[in-house]
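Engineer: the following comprises the amino acid sequence and a computationally predicted model.
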Amino acid sequence: MNLNERTIEEIAQSIRAIRKQKGLTLKEVETQSNGIWKAVVIGSYERCDRALSLKKAISLANFYQVPLDELLGLGSVQNDRNSGNDLPDKFTIDIRRISTLAKVDEKARSITTLLALFCAKRRDWNGEVITIRKSDLEIVAILGNERENQSYGWLRDNSLLIKR
């Protein structure tokens, strides 16, 4: 299956499948999360009645202790994506430049939100640059519904990479 062929319904089915693989009912999710995840909300995500933001998807993946691509049912499309072997293992993004671009570009806004989550998770409050790993680029690519090489090329073409 091609990454572009994933439907919202398939992603919702994947979210339900992960919960069931964990052996949890909706009520147990609410209980085990100390009410952070309400049963009605999880059920709404699983029925496609409610939109799941990137921030919530990452948080839910962390709660279920699964990679984000697995939660979203994208693990099965991994082989369809370019592996990105020609990409560097780490690279640095200029947060200042992408924040400026985010004022006029939707993709930059989405990536800026993701980078803020990376900064928060790593407790990296520099605010000017962030070094991300090739594995982080997979999430950026999923966000843009593209291959890792395409995401890296977009960052490069918009002069968002800093040479170290």
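Structural biologist: Structure's in. What do you need?
Engineer: from here on, just use CA atoms for contacts and neighbour counts.
Structural biologist: OK.
Engineer: what sits closest to residue 72 if chain neighbours are left out?
Structural biologist: residue 11 (5.0 Å; C-alpha to C-alpha, 6 or more residues apart in numbering).
Engineer: pull the number of nearby residues for the one you found.
Structural biologist: By other C-alpha atoms under 10 Å, the residues close to residue 11 number 20.
Engineer: now what about the helix or strand encompassing it, what contacts it?
Structural biologist: Using DSSP states H and E, residue 11 maps to helix 8-21. Here helix 8-21 makes contact (C-alpha atoms under 8 Å, 6 or more residues apart in numbering) with 25, 45, 46, 47, 48, 64, 70, 71, 72, 73.
Engineer: now intersect those with the helices, please.
Structural biologist: 45, 46, 64, 70, 71 (DSSP state H).
Engineer: so how far is the helix or strand that contains residue 113 from its chain's centroid?
Structural biologist: Per DSSP H and E: residue 113 is located in helix 106-122. In terms of C-alpha atoms, centre = their mean, to the nearest Å, the centre of helix 106-122 is found 9 Å from the chain centre.
Engineer: all strands of this protein, in order?
Structural biologist: 90-94, 129-133, 161-162 (DSSP state E).
Engineer: dump the ones you listed into a markdown table; add distance to residue 145 and mean pLDDT as well.
Structural biologist: Shown next, in a markdown table, are the strands of the chain (distance: least, C-alpha to C-alpha, whole Å; pLDDT from 0 to 100):
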| stretch | distance to residue 145 | mean pLDDT |
| --- | --- | --- |
| strand 90-94 | 20 | 91 |
| strand 129-133 | 18 | 88 |
| strand 161-162 | 20 | 91 |
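Engineer: report the buried residues of stretch 119-133.
Structural biologist: Across stretch 119-133, burial judged by 16 or more other C-alpha atoms under 10 Å covers 119, 129, 130, 131, 132.
Engineer: whoops, I mixed them up, stretch 56-72
Structural biologist: Counting neighbours by 16+ other C-alpha under 10 Å, stretch 56-72 gives 57, 58, 60, 61, 64, 67, 68, 69, 70, 71, 72 as buried.
Engineer: do the same with stretch 21-30
Structural biologist: Here stretch 21-30 shows 26, 27, 28, 29, 30 as buried, counting by 16+ other C-alpha under 10 Å.
Engineer: ditto for stretch 39-53
Structural biologist: 39, 42, 43, 45, 46, 48, 52.
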